[in-house]
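> Next one to model:
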Amino acid sequence: MTPPAGRALRLRAPGDPGPAAPGNVAVARGHVLAARPGRPEHEANRRRTLDLLRRHPDALERSCGAAHVTGSAMVVDPASRRFLLMLHALLGLWLQPGGHADGDGALPGVAWREATEETGIAGLAVATPAIDVDIHLVPPAHGPVLHLDVRYLVLAPPGAVPRANHESLGLRWVAYDQLAAHGADPGLVRLADAALAGLDELAASGRLTCRRA
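Prediction:
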C-alpha cells in the first residue's frame with residue numbers, strides 16, 4: 001500500500017487521546033501508512049515497519065522478541081518553540097517521551113499516554129497523523145530488540161510545568177539549537193524538524209486552537 005501524498009495536521013482536544021484499539025495490529029498499520037510524508041530515511045523506516053508488522057503480528061506486545069511497536073511524542077511549547085526532553089534513566093540519553101504500545105494499536109493514544117505519564121503535564125494535545133517513523137535497536141535485559149517508533153507532535157498548554165517520573169532522571173525544555181549539546185541523534189533532529197514544520201502549519205492555518213480530530 002502507498003501512503004497518502006499529504007495529510008494536514010489536526011489537533012485533538014487537550015486530554016483526548018482518541019479511542020484505544022486493543023490488540024489491533026491493522027489499526028497500527030493504518031497509523032503508519034497515514035504518517036505524513038518525510039525524508040528518505042523516514043520513508044525507509046515506514047516501509048520497513050510495515051514489513052515487520054506483516055511478519056510479526058504480535059509486534060504490539062513486548063513478548064514479541066524481534067520488534068515492539070512504540071509511540072512517542074515530541075512535546076513542544078508553542079510559545080517558545082522548545083522541546084521537552086527527558087534524561088532516560090536506563091539509557092542515559094536525552095530523548096522525547098514515549099513507550100511501548102502494550103497491545104494498543106491506537107498509536108496517537110499511546111504517544112499521548114506515555115507523554116502524560118512521563119512529563120506529568122495535564123492537558124497535552126496530540127496532533128494527527130504521525131510526523132515521523134523511526135526504527136532503533138535497544139538493549140533490553142534479554143537481548144537487543146527493534147523499536148518500531150511512530151512519532152507524534154504533542155503541544156503543551158501555556159505555562160506547563162513538567163514533573164519527572166521514575167523513568168527519567170530529569171526533564172528539560174530544549175531549544176532547537178541546543179539539541180546537539182544534548183546528544184541528539186539524526187533521528188531526533190529529523191523529528192524536531194518535522195515538529196517545527198507541523199507547528200508552523202498549525203499556526204498558519206489557525207488550527208492551534210485545539211478541537212477534536
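> pLDDT weak spots in the chain?
Counting by pLDDT under 70, the ranges of the chain that qualify are 1-6, 140-143, 209-213.
> now the helices for it?
Per DSSP state H, the chain carries helices over the ranges 25-34, 40-55, 107-119, 186-205.
> right, so of those helices, which gets closest to residue 164?
Of all the helices of the chain, it is helix 107-119 that lies closest to residue 164, at 7.5 Å by Cβ to Cβ. C-beta here means a position set from N, CA and C on the backbone, and glycine is covered the same way.
> Now do the closest one: which elements does it pack against?
helix 25-34, strand 67-77, strand 82-88, strand 98-100, strand 125-128, strand 145-155 (3 or more Cβ pairs under 8 Å, 6 or more residues apart in numbering; DSSP states H and E).
> Need the winner for burial among the helices of the chain.
helix 107-119 (a mean of 25; mean count of other Cβ atoms under 10 Å).
> Can you give me the end-to-end span of stretch 16-31?
This stretch, stretch 16-31, spans 17 Å end to end (Cα to Cα, to the nearest Å).
> now stretch 8-20
22 Å.
> Now do the buried residues in that stretch.
9, 10, 11, 12, 14, 16, 17 (16 or more other Cβ atoms under 10 Å).
> Identify the residues contacting it?
36, 104, 106, 108-109, 112-113, 122-129, 131, 153, 155, 157, 198, 201-202, 205, 207-213 (Cβ atoms under 8 Å, 6 or more residues apart in numbering).
> Can you select the buried ones from these in ChimeraX?
When burial is assessed using 16+ other Cβ under 10 Å, the buried subset of the contacts of stretch 8-20 is captured in ChimeraX by this command:
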select :36,104,106,108,109,112,113,124,125,126,127,128,129,131,153,155,198,201,202,210,213
